[in-house]
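> Sequence and predicted structure below; questions after.
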Amino acid sequence: MDLYIMRHGKAGVADHSDPRDSERCLSKPGREEISLTGAWMKAREIEFSTIASSPLRRAAETASIIARALGDPDRVTFWDELAIGPPPGTVVQKIREIMPENRILLVGHEPQLSSLVSLLICSRHECNIVLKKGGIARVRFHGDPGSGELLWLLSPGMIQEWHSKDR
């Protein structure tokens with residue numbers, strides 16, 4: 001199974017002490033970067049059997065933009081396990097429930113996503129993996145933490161550069 005693990009795009013100023021932080025939406029530059037990433041995916045014919053997002057607004061918007069770019073706007077489902085707070089192991093359990101789907105996009109938040117990638121590839125929560133806002137990692141995963149292979153880790157800037165070369 002290939003997991004695409006994506007951090008939400010740029011959003012307004014974070015204030016995690018504010019209960020309304022979950023409603024923070026993507027900024028205009030954030031929406032533009034994510035739209036470009038969606039176009040980049042479409043150009044490479046990357047498709048997903050599942051697009052799972054954190055229910056927080058900025059992640060949901062990110063997942064929705066990608067789904068629309070890929071021509072399947074109703075594909076997004078919401079996993080509470082991808083919200084801020086749950087440990088990466090709960091996401092691994094959720095993934096196991098839907099195995100053996102072949103391509104899954106997970107959209108969420110830091111630091112959980114970097115910890116998730118670390119857990120998948122090296123059985124620890126810290127392997128110095130950093131997902132930038134709008135960044136995406138591709139991990140080939142066989143079901144057990146530590147069994148994953150990091151195929152790539154891209155920043156939005158790298159995607160923008162490749163996408164502009166494709167034109």
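Thanks, I have it. Residues are numbered from 1 along each chain as shown.
> Strands along the chain, start to end?
Assigned by DSSP state E, the chain shows strands spanning 2-7, 50-53, 76-78, 103-108, 136-140, 149-154.
> so which of those strands is the most packed in?
For the strands of the chain, the largest average neighbour count (mean count of other Cβ atoms under 10 Å) is found in strand 103-108, namely a mean of 25. C-beta coordinates here come from the backbone N, C-alpha and C atoms, glycine included.
> Give me the local confidence score for the residue nearest to residue 121 when sequence neighbours are not counted.
Spatial nearest neighbour of residue 121, excluding adjacent residues (Cβ to Cβ, 6 or more residues apart in numbering): residue 148 at 4.5 Å. If you check residue 148, the pLDDT there is 94.
> sorry, back to before: just put the strands of the chain in JSON lines and tack on distance to residue 41.
JSON lines is the format used below for the strands of the chain (distance: least, Cβ to Cβ, whole Å):
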{"stretch": "strand 2-7", "distance to residue 41": "9"}
{"stretch": "strand 50-53", "distance to residue 41": "11"}
{"stretch": "strand 76-78", "distance to residue 41": "14"}
{"stretch": "strand 103-108", "distance to residue 41": "9"}
{"stretch": "strand 136-140", "distance to residue 41": "9"}
{"stretch": "strand 149-154", "distance to residue 41": "11"}
